[in-house]
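[1] A predicted structure for the sequence below; I have some questions about it.
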Amino acid sequence: MKLLFFNRVGFEVEGLSDTNEDKILSVCRKYKLDCDITGDGSIRGNGDPTEIKFDVPIEKYDIIEPFFNELTELGFYENSSCGSHLHLSFRRPIYMTLLSIPDSIFRFQNMYRDKFKEKKKYFNRLYNRYTEEYIDISGIIDNQTGGNRYRPVNFESLYKHDFGTVEIRVLPYMESGTEYKEAVATILDIVSNVIESKLDAMKAMVGYNKIRAKKSEIRVHSEYSFSVNSDRIDLPPIYGSFYKVMPLIIGQIEDFNRIKVEVTESEYDEERMYTVKIPNVCKVYETLFGENKDILVCMTHEGHEHVRFKNSALSKGMEIMSRIFQYKFDTDLEKTMVDYLRNGSSTVSYKYYIKGLKLLKKLDKMIVEMGL
């Protein structure tokens, strides 16, 4: 088992309780756990239906053993109406992405089936209505686009929680802390094996590593970075990013007629970068500025055209830009957007891209109308 793929693990401990909430919280405090205790209408049996949620750094996953044992001493127990859900967060986005590929999910299910083939209550979870196994890719796409969450591996939780987790729902009820710890260790082992097998396969490729899909491509540059390139940005999540920003992107980035947009993703959401390519940008701005085109300087850098205002004509250029786009460029951010619009190829953060989206749409429309 390789814990290096994971960041934290969250537990959802479901059961029936014959004790009060204060005593459960005292156990949480003993182990320095920030517990959230609620009811759960799906649990049936004698006692109060109770769900205890908490998360810990991955290297402390085995704390579940003494914690669960002390709960049982207080009268807490699980039965067949309960499930043991884990939430995994990952150190690198590439690990999460590799787990999301359909082949990886089917491999996870097969490995789970093989590991627990002699244990009926584990095996039967694949046929439980709350954790029904994936049969084909349509079920995976449904789950990853906000559909049915009652699956062995649930990706809907990536959108639900601020910290973005993959939920493993397939484990059954537990009868002791030792069983709980061993079951969690097995799941972590399966997931790490699935991820490692994909990394090894990619490292064996010549040049840079790729996962190809229709109209899109994931390039794996190393174990720590990848990028998504496409002529359409509204990629199905299984071929793109699972970050929370994805629902915002779908529907906001439209197909431009002339301007091209590519996305490159780094380790964190805020590092998601967009490259905007404007063809024939010198000709575009010469046409837009008309008789004032002499205030522009056109240059080429690394094969891309860039337009600049002459230093002495910067104020005049800003004034004309404001008229063209019916937009007043006053703040530093808005002046950054001017540079963004004038560059033939400009890379900007997600924040700047969204703020400049209306201006880009207007520029794209102008380019089409000018026949450029």
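    In hand now; what should we look at?

[2] any low-confidence regions in the chain?
    For the chain, applying pLDDT under 70 flags the ranges 93, 159-164, 201-255, 263-272, 350-351.

[3] contacting residues around E286?
    E286 is in contact with 293, 296, 298, counting by CB atoms under 8 Å, 6 or more residues apart in numbering. C-betas here are computed from N, CA, C, even on glycine.

[4] next one: N193
    Counting by CB under 8 Å, 6+ apart, N193 touches M111.

[5] what's the helix or strand for it?
    In the assignment (DSSP states H and E), N193 maps to helix 177-203.

[6] can you give me the strands for the stretch 101-250 of the chain?
    Here the stretch 101-250 of the chain has its strands, by DSSP state E, counting those that start in this stretch, at 153-154, 166-171, 209-213, 216-222, 225-230.

[7] which secondary structure elements does the longest strand along the chain contact?
    Using DSSP state E, we find that the single longest strand of the chain is strand 6-17. Judged by 3 or more CB pairs under 8 Å, 6 or more residues apart in numbering; DSSP states H and E, the packing partners of strand 6-17 are strand 48-57, helix 64-73, strand 84-90, helix 177-203.

[8] Now the helix or strand just after that strand - C-alpha only, CSV.
    Going down the chain from strand 6-17, the next helix or strand is helix 21-30, by DSSP H and E. C-alpha atoms of helix 21-30 as CSV (Å, rounded to 0.1, in the frame of the first residue of the first chain):
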residue,chain,number,x,y,z
GLU,A,21,-24.0,12.3,22.0
ASP,A,22,-21.8,13.9,24.7
LYS,A,23,-20.2,10.5,25.4
ILE,A,24,-19.5,10.0,21.7
LEU,A,25,-18.0,13.5,21.5
SER,A,26,-15.7,12.7,24.5
VAL,A,27,-14.3,9.8,22.5
CYS,A,28,-13.8,12.1,19.6
ARG,A,29,-11.9,14.6,21.8
LYS,A,30,-9.8,11.9,23.2
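
[9] can you give me the helices for the stretch 251-372 of the chain?
    Counting by DSSP state H, counting those that start in this stretch, the stretch 251-372 of the chain has helices at residues 281-289, 314-325, 332-342, 350-355, 357-369.

[10] Out of the ones you listed, the one nearest E65 is which?
    helix 350-355 (41.6 Å; CB to CB).

[11] can you tell me which residues contact S42?
    Applying CB under 8 Å, 6+ apart, we find S42 in contact with 49, 81, 130.

[12] 6 Å instead, please
    For S42, the contact set (CB atoms under 6 Å, 6 or more residues apart in numbering) is empty.

[13] So it, which state does it fall into?
    Counting by DSSP: H, G, I helix; E, B strand; the rest coil, the backbone at S42 sits in coil.

[14] give me the number of residues near the residue lying closest to T19 once chain neighbours are set aside?
    The spatially closest residue to T19, leaving aside those adjacent along the chain, is L74, at 4.3 Å (CB to CB, 6 or more residues apart in numbering). The tally of other residues near L74 (other CB atoms under 10 Å) stands at 15.
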